[in-house]
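Visitor: Turn this into a structure:
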Amino acid sequence: MPGTTHLDTKIVSCKLSPGLDGTMEDFAVVKIVKGSIGLVHPDQAEEFYDSMHSYISFSMTYVMADSQLCNDVIGDSKPCLFNSLETNFNGTGLISSMLQRNDFFLLGAQQISMGRVVYATRMGYFSIGPSVREISAASRAICRRPVYVSDSLGGHDFDLLKKVVFPDGNISECVHFVLPIRECLFKSPLFDSKTILRNWSFNKDGGVVGAFNCQGGG
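Guide: Residues are numbered from 1 along each chain as shown. Model (predicted):
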């Protein structure tokens, strides 16, 4: 927000490009377009990231960058973000959310330790970002990644967690990248009112198939 730091900042309105507007419908993007966005002067972008990261790097291993889809709206800030990661987090300490920006698929792999992708594929890794707990848990269980929870203290749903964790505490972590089945390719499991998102993988015991009703999830 302007006036809260020494940085030269301002609030500006946003307008999506026709290409982005036609391919990504998301509640967060709608809110940004409606409410505008706070920007730092480009000459201070490097200082913006470093001032945050240097403050927390002494006690943190990773930093999370969210809403990176906004880079398609505001311009290109990747070099400044990555330079700060090199300085403060050994270059690779980034947990990347909203990672469906095309150039991040190709250029961001060295810095990104973990990516959360909404309605996208990236180098064989597939995941979804729904708001429903059960769908969210199932999507994490089938991905080749650890299962994590972000509930508030005391707010855990243990009945749900028991469905994705074995009695001995281990998880059914897949050993193969999860991929969409052939019938789901070039379909819209969020908007066409008929396609069920189905994907497959393997764990140490055998094959795993996921089926998700995501219609309206965008």
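Visitor: Let me know the helix or strand that Met60 is in.
Guide: When elements are assigned from DSSP states H and E, Met60 belongs to no helix and no strand.
Visitor: Return the per-residue confidence for it.
Guide: Looking at Met60, its pLDDT stands at 85.
Visitor: Am I right that Lys34 sits in a helix?
Guide: Yes - Lys34: assigned to a helix according to DSSP: H, G, I helix; E, B strand; the rest coil.
Visitor: Tell me how many other residues crowd it.
Guide: Residue neighbour count, defined by other C-beta atoms under 10 Å, stands at 9 for Lys34. Quick note: C-beta positions are derived from backbone N, CA and C, even for glycine.
Visitor: Check what pLDDT it gets.
Guide: 84.
Visitor: Same check on Arg145?
Guide: 66.
Visitor: In space, what's closest to Thr5 - neighbours in sequence excluded?
Guide: What sits nearest to Thr5 in space, not counting adjacent residues and going by C-beta to C-beta, 6 or more residues apart in numbering, is Ser51, at 7.9 Å.
Visitor: Next one: that neighbour from Leu39, what distance?
Guide: To Leu39, Ser51 is 15 Å away according to C-beta to C-beta, to the nearest Å.
Visitor: Equivalent analysis for Met60, please.
Guide: For Met60, the distance to Leu39 equals 25 Å [C-beta to C-beta].
Visitor: Same drill for the two, tell me which one is more crowded.
Guide: Higher neighbour count among Met60 and Leu39: Leu39, with 20 against 13, using other C-beta under 10 Å.
Visitor: can you pull up the bridge partners for the more buried one?
Guide: Lys10 (DSSP bridges).
Visitor: Tell me who's in contact with it.
Guide: Thr9, Lys10, Ile11, Val12, Ile74 (C-beta atoms under 8 Å, 6 or more residues apart in numbering).
Visitor: so the third one makes contact with Ser36?
Guide: Right, Ile11. Yes - if you go by C-beta atoms under 8 Å, Ile11 and Ser36 touch, sitting 5.1 Å apart.
Visitor: What distance do you get for the residue nearest the centre of the chain to Ser67?
Guide: By C-alpha atoms, centre = their mean, the chain has its centre lying nearest to Ser97, at 2.4 Å. Computed with C-beta to C-beta, the distance linking Ser97 and Ser67 is 7 Å.
Visitor: Likewise for Gly154?
Guide: From Gly154 to Ser67 the distance is 28 Å (C-beta to C-beta).
Visitor: how far away is Glu138 from Asp205?
Guide: Careful, residue 138 is Ala and not Glu. On the measure of C-beta to C-beta, Ala138 and Asp205 end up 17 Å apart.
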